[in-house]
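Participant: the amino acid sequence is not available; the structure is as follows:
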């Protein structure tokens, strides 16, 4: 008896598969991480109840989720936009950190009224993020040097720079810990009125999602970005400038990561610390991957990861489980997502005894 | 001064072993066309599993073997995703790092206080005494653990394997041009699997060196970014084992200098004419935190200069790096 496995590229992907993929991904990831929880003697159902149900049904949980969601939406867009042109901004983490450093420096050293200071901080933080990716962007656009590696290298430079400034130039005088002074009130993003502590950054993030959606779907630039992402040599034959589009998407992505840094600093943290950022920039990679079909899906994916972040720290306090379980869940979501992508693209037919099932393989004319 | 120099030499050699091991593994994997950004995760899994095995069995050799196997298993997952399922290599690698970091932090917390007796420092048999007489480098190189020696020996072995054996040349051909290699009868998929898994075994060994020889303890995140430096090192070395050895020592030296900057005062005397303008610059450049960025900056510089200067803009990078291969025409 012989087992045959036939792989056929799908010509069109059925709708149910598109909607089922994210659901399958999350469920499978939670199932496997449940095994890890059992290994530490924790009932996974109770843990997930605390992690998810409690988080999305209590005011405290919702506020926290929205708070964590803001940098994740910005950072998710920072990876999503270049991804539309098939470029990987793996270094959003670095751009985020640099944006936060520059935002803090301005917030502490420039005295202006709040309506001038906040926009200045945001613009400068965005510019810093864009500047931080400028060299990798130029190297990619002009010389074809792989942006995955170069953007990543800049992450580590940014983290060292952060360690340096909180111990050196920006260190608060007399502080026992390496951290900056608190930002003055004029440099603090206020909360949204009547929504408790939800930072105003959320509205900025949503606005940016809408703008990104509009650009990708309704402008000539967006058309060029998706065209180059689909087939870069055909796009060049059609007269599009790869150099221009690559520079724009990467630097715009850097700017968005910079916004993430400023909004986190000014809206949530209030002062710069060496450990202010729990890896939002790296989490942006699975977010962009989950939401790669549209800016609004990026926002949903960012909120999902925000729930995982918040829920992870609550199960740490309730069950005494290391919050590192969130990294495990994140990794498993990526794992099952890329596995599911494969099954989305290929149709798998299994037959026994060497007789191919009749439904296998595409239409005959497709073989030419 | 002599004490300072030998101290720096010692710290350089100490810091380089882990980079040599992890870097060689990444080099083999990338030579076959598969980028693996999961080095940090594989190293952590190697470090913890080797440590647990040593605690349980009492034998650091068993610990090392377990670490190598664990690193290989992690890499097998990456290989399956990237080679069989055509997944994005960067994404899968980041997944591997997240998974390794998460799992080891999650399960390692109960082992973080344990102590083991790991690899002892030893001299080379027979000629060890004479080697120790070599000034400065002698004690740094030849009063080391078995994993240090193994890392040094593996550099020529990997070189000979890649460039002087048929299987090595086939491996390289798969990273350069998988289509042609396939037509020539090379088993592209099998070769890539082999390279990625060997790479993972090396990363596992690098992790074991940290937890069983260098530190002899387990602590969460103990690889401290060395996995990422190893990725940078392979680019710095432009995919050649000999340059990788030089790079590992250079990066190790930068690391060692950062430890010793307090002892070396390079600032100008206050009465010197340029003291007021140059001293802040010197202090910034010699700051230990700033110095930790140099490996990355040097790598970027080498990358940029090589590409811009090369006439055909080739990087000596395996041509099919990051590209998945599938046989069907679509």
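Facilitator: Yep, that arrived. All values reported here derive from a predicted model rather than from experimental measurement. Numbering: from 1, shown residues only, chains lettered A, B, ... in the order given.

Participant: poorly predicted segments of the chain, please.
Facilitator: Just going to use chain A. Chain A contains residues with pLDDT under 70 at A:1-4, A:194-197, A:351-368.

Participant: chain B is the one I meant
Facilitator: For chain B (pLDDT under 70), the answer is B:1-2, B:262-264, B:310-316, B:328-330.

Participant: so what does the residue of it most remote from its centre have for phi and psi?
Facilitator: What lies farthest from the middle of chain B is residue B:271; by Cα atoms, centre = their mean that is 44.7 Å. With angles defined as degrees, to the nearest 10, residue B:271 sits at phi -80, psi -10.

Participant: tell me how far it lies from residue B:220.
Facilitator: 49 Å (Cβ to Cβ, to the nearest Å). Backbone N, C-alpha and C define where each C-beta goes, glycine included.

Participant: name the SS class of residue A:276, please.
Facilitator: coil (DSSP: H, G, I helix; E, B strand; the rest coil).

Participant: correct me, but residue A:335 touches residue B:94?
Facilitator: No: using Cβ atoms under 8 Å, residue A:335 makes no contact with residue B:94, being 10.9 Å away.

Participant: these two - which one has more neighbours?
Facilitator: Neighbour totals were compared for residue A:335 and residue B:94, and residue B:94 leads with 27 against 24 (other Cβ atoms under 10 Å in any protein chain shown).

Participant: near chain A at all, the helix or strand harbouring that one?
Facilitator: In the assignment (DSSP states H and E), residue B:94 maps to helix B:89-108. Yes: using Cβ under 8 Å from any Cβ of the partner chain, helix B:89-108 reaches chain A at B:90-92, B:94-96, B:98-99, B:101-103, B:105-107.

Participant: contacting residues around residue A:206?
Facilitator: Applying Cβ atoms under 8 Å, 6 or more residues apart in numbering or on different chains to residue A:206 gives the contacts A:73, A:299.

Participant: looking at this, it is in a helix?
Facilitator: Yes: the assignment for residue A:206 by three-state DSSP puts it in a helix.

Participant: show me what from the stretch 201-330 of chain B comes close to chain A.
Facilitator: Residues of the stretch 201-330 of chain B lying near chain A (Cβ under 8 Å from any Cβ): B:220, B:225, B:228, B:231-232, B:235, B:287, B:289-290, B:292-293, B:296-297, B:299-300, B:303-304, B:307-308, B:313, B:315, B:317, B:321-322, B:328, B:330.

Participant: one more time with 10 Å, if that's ok
Facilitator: Residues of the stretch 201-330 of chain B lying near chain A by Cβ under 10 Å from any Cβ of the partner chain: B:220-221, B:225, B:228-229, B:231-232, B:234-235, B:283-284, B:287-297, B:299-300, B:303-304, B:306-308, B:310, B:313, B:315, B:317, B:321-322, B:326, B:328-330.

Participant: in space, what's closest to whichever residue of chain B sits closest to chain A - neighbours in sequence excluded?
Facilitator: Evaluated by Cβ to the nearest Cβ, chain B has residue B:102 as its residue closest to chain A, separated by 3.0 Å. Of all residues not flanking residue B:102 in the chain, residue A:327 sits nearest, at 3.0 Å (Cβ to Cβ, 6 or more residues apart in numbering or on different chains).

Participant: and stretch A:272-291 with chain B, contact?
Facilitator: Yes: contact of stretch A:272-291 with chain B (Cβ under 10 Å from any Cβ) involves A:274, A:279, A:282-283, A:285-286, A:288-289.

Participant: could you pull out the buried residues of that stretch?
Facilitator: The neighbour-count check on stretch A:272-291 (16 or more other Cβ atoms under 10 Å in any protein chain shown) flags A:272-274, A:276-277, A:279-291 as buried.

Participant: and what of stretch A:143-154?
Facilitator: Those would be A:145-154, for stretch A:143-154 by 16+ other Cβ under 10 Å.

Participant: please verify my assumption that residue B:222 contacts residue B:208.
Facilitator: No: judged on Cβ atoms under 10 Å, residue B:222 makes no contact with residue B:208 at a distance of 11.6 Å.

Participant: which neighbours do those two have in common?
Facilitator: The contact sets of residue B:222 and residue B:208 overlap at B:43, B:47-48, B:51, B:214 (Cβ atoms under 10 Å, 6 or more residues apart in numbering or on different chains).

Participant: correct me, but the residue nearest to residue B:102 touches residue B:94?
Facilitator: No: contact between residue A:327 and residue B:94 fails when scored by Cβ under 10 Å: they sit 11.1 Å apart.

Participant: interface residues of the stretch 151-300 of chain A facing chain B?
Facilitator: Counting by Cβ under 10 Å from any Cβ, the stretch 151-300 of chain A comes close to chain B at A:152-169, A:274, A:279, A:282-283, A:285-286, A:288-289.

Participant: sort out for me which of the residues you listed are in helices.
Facilitator: Counting by DSSP state H, those place A:152-167, A:282-283, A:285-286, A:288-289 in helices.

Participant: what's near enough to touch the nearest residue to residue B:317 once chain neighbours are set aside?
Facilitator: The shortest distance from residue B:317 to any non-neighbouring residue, by Cβ to Cβ, 6+ apart, is to residue B:239 (6.6 Å). Listed by Cβ under 10 Å, 6+ apart, the contact set of residue B:239 reads B:26-28, B:30-31, B:162, B:172, B:175, B:315-318, B:321.

Participant: buried only: go through these for me.
Facilitator: The buried subset of the contacts of residue B:239 (16+ other Cβ under 10 Å) comprises B:26-28, B:30-31, B:162, B:172, B:175, B:315, B:317-318, B:321.

Participant: show me where chain A has its helices.
Facilitator: Using DSSP H, helices in chain A cover A:15-39, A:44-48, A:54-57, A:59-84, A:92-109, A:114-143, A:147-167, A:201-218, A:220-230, A:232-237, A:242-264, A:280-290, A:295-319, A:325-345.

Participant: I meant to write the stretch 201-330 of chain B there.
Facilitator: B:226-236, B:241-260, B:275-285, B:288-291, B:294-309 (DSSP state H, counting those that start in this stretch).

Participant: any idea how far the most centrally placed residue in chain A lies from chain B?
Facilitator: Residue closest to the average C-alpha location in chain A (Cα atoms, centre = their mean): residue A:284, at 1.7 Å. As judged by Cβ to the nearest Cβ, to the nearest Å, residue A:284 and chain B stand 10 Å apart.

Participant: chain neighbours aside, what residue packs nearest to that residue?
Facilitator: Once flanking residues are discounted, residue A:284 sits nearest to residue A:75: 3.7 Å by Cβ to Cβ, 6+ apart.

Participant: pull the contacting residues for the one you found.
Facilitator: Contact analysis of residue A:75 by Cβ under 10 Å, 6+ apart lists A:89, A:92-93, A:95-96, A:205, A:253, A:256-257, A:259-261, A:264, A:277, A:279-285, A:287-288, A:298, A:302, A:305.

Participant: repeat the analysis, applying 8 Å as the threshold.
Facilitator: Contacts of residue A:75 by Cβ under 8 Å, 6+ apart are A:92-93, A:96, A:256-257, A:260, A:280-281, A:283-284, A:287, A:302.

Participant: closest to chain B out of the residues you listed?
Facilitator: residue A:283 (8.8 Å).

Participant: show me the contacts for that closest one.
Facilitator: By Cβ under 8 Å, 6+ apart, the residues touching residue A:283 are A:72, A:75, A:305, A:309, A:330.

Participant: make it 6 Å
Facilitator: Under the criterion of Cβ atoms under 6 Å, 6 or more residues apart in numbering or on different chains, the neighbours of residue A:283 are residue A:305.

Participant: separation between it and residue A:206?
Facilitator: In terms of Cβ to Cβ, residue A:283 sits 19 Å off from residue A:206.

Participant: no further queries at this time; thank you.
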